[in-house]
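# model the following, please.
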Amino acid sequence: MNISVGTYNVWGMPWGSKDLRSILLWIFLQSGTEIMCLQEVWSKQQQSTIREMCQESKSWSCYFPYSNIHKLGKWTQRFHSGSGLCILVKNTIEVVEELEGHTFIISKGVDSWIRKGFMIVHCTKEGIPFQIVNTHFQSDMTEIPLWRIRYNETRLKQEKQLFQTVRHLSCPIVIGDFNTEEFMYFECLEKGHRWTYRDTGERLDSCLRTFQHKHCFQKEESIYHYNIRYSDHIPVCFRLSIQEPKQKKRENSSSNEWLNK
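Residues are numbered from 1 along each chain as shown. Down below sits the predicted model:
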């Protein structure tokens, strides 16, 4: 079974992108994805816009982490969502369960004022179950080369926390803005170097899997949309092939044997 998933940091800062409607129209009509994970959907107005446009589309639904208002959100609705996460799902995918978002235990610098973490949505397609995990890791203090404060150790701890949660799932597809190209607990599906963040030329947005779930899904194709320039990141889409669970294969095999008798 094949699915198409994507990730896009939409740069929803007050001084960032003002093109959320254009981004959503591109996702709905041109991206070719069935699931799109968004990061930096910070404000209450942005969440309302996404809900309204999903309802108008009649074929997409949206999911946000529950109870995720951060410190700044108490004073301004521009920073209402602590995680900034959102998952868009097309009606070709069935959402079985939406789980509450998880907040990272440790954050540093500006990120300590918000509540970055990850969220999980349980899905099925053609009867095959899988989980979409959207996340946004710790960002560096600045991208200025001589003054860049790197938080590699913090990101590693966040990666470990994420791994300890998703390793118990049946088929977790981890996707998002990781603010790093190096991983210890996960395998990145992308090899070689292709940038997704224009300011530093790094590949910060990708798709991961745990080593124990290597048999669950494979990457068939990845598409880097360099022509989409609404944000300081570019959207990246992945066509994945998900394997049927072994137990279900055995059940189908037994059914076929019974029918052939």
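
# count of neighbours near the residue nearest to H193 when sequence neighbours are not counted?
Nearest non-adjacent residue to H193, counting by C-beta to C-beta, 6 or more residues apart in numbering: R203, 6.4 Å away. In short, each C-beta sits where N, CA and C put it, glycine included. By other C-beta atoms under 10 Å, 19 other residues sit near R203.

# try V166
Neighbour number of V166 under other C-beta under 10 Å is 24.

# right, and it touches V174 too?
Yes: V166 is within contact range of V174, at 6.4 Å (criterion: C-beta atoms under 8 Å).

# overlap in contacts, those two.
The contact sets of V166 and V174 overlap at V133, T210 (C-beta atoms under 8 Å, 6 or more residues apart in numbering).

# related to what we said a few turns ago, contacting residues around the residue nearest to H193?
Counting by C-beta under 8 Å, 6+ apart, R203 touches E181, E190, H193, R194, W195, T196, Y197.

# model confidence for the fourth one, exactly?
Reported pLDDT at R194 in the predicted model: 91.

# from I35, how far out is it?
As for R194, its distance to I35 is 21 Å (criterion: C-beta to C-beta, to the nearest Å).

# cool, and the second one?
Noted for E190: a distance of 18 Å to I35, by C-beta to C-beta.

# pull up the gap between R21 and E56, please.
Taking C-beta to C-beta as the measure, R21 falls 11 Å from E56.

# isn't E126 up against M1?
Yes: the pair E126 / M1 is scored as a contact, 5.0 Å apart, by C-beta under 8 Å.

# between the contacts of R203, which sits nearest K116?
Y197 (16.4 Å; C-beta to C-beta).

# ok, how many other residues are close to the closest residue to the closest one other than its chain neighbours?
Using C-beta to C-beta, 6+ apart and skipping residues adjacent in sequence, the residue nearest Y197 is L204, 4.6 Å away. Other residues near L204 number 21, with proximity taken as other C-beta under 10 Å.

# do R167 as well
R167 has 14 neighbours, counted by other C-beta under 10 Å.

# over to the one 3 residues further on?
Other residues within reach of S170, judged by other C-beta under 10 Å, total 13.

# please tell me how far the most centrally placed residue in the chain sits from I223.
Nearest to the geometric centre of the chain sits N134, at 3.0 Å (C-alpha atoms, centre = their mean). To I223, N134 is 18 Å away according to C-beta to C-beta.
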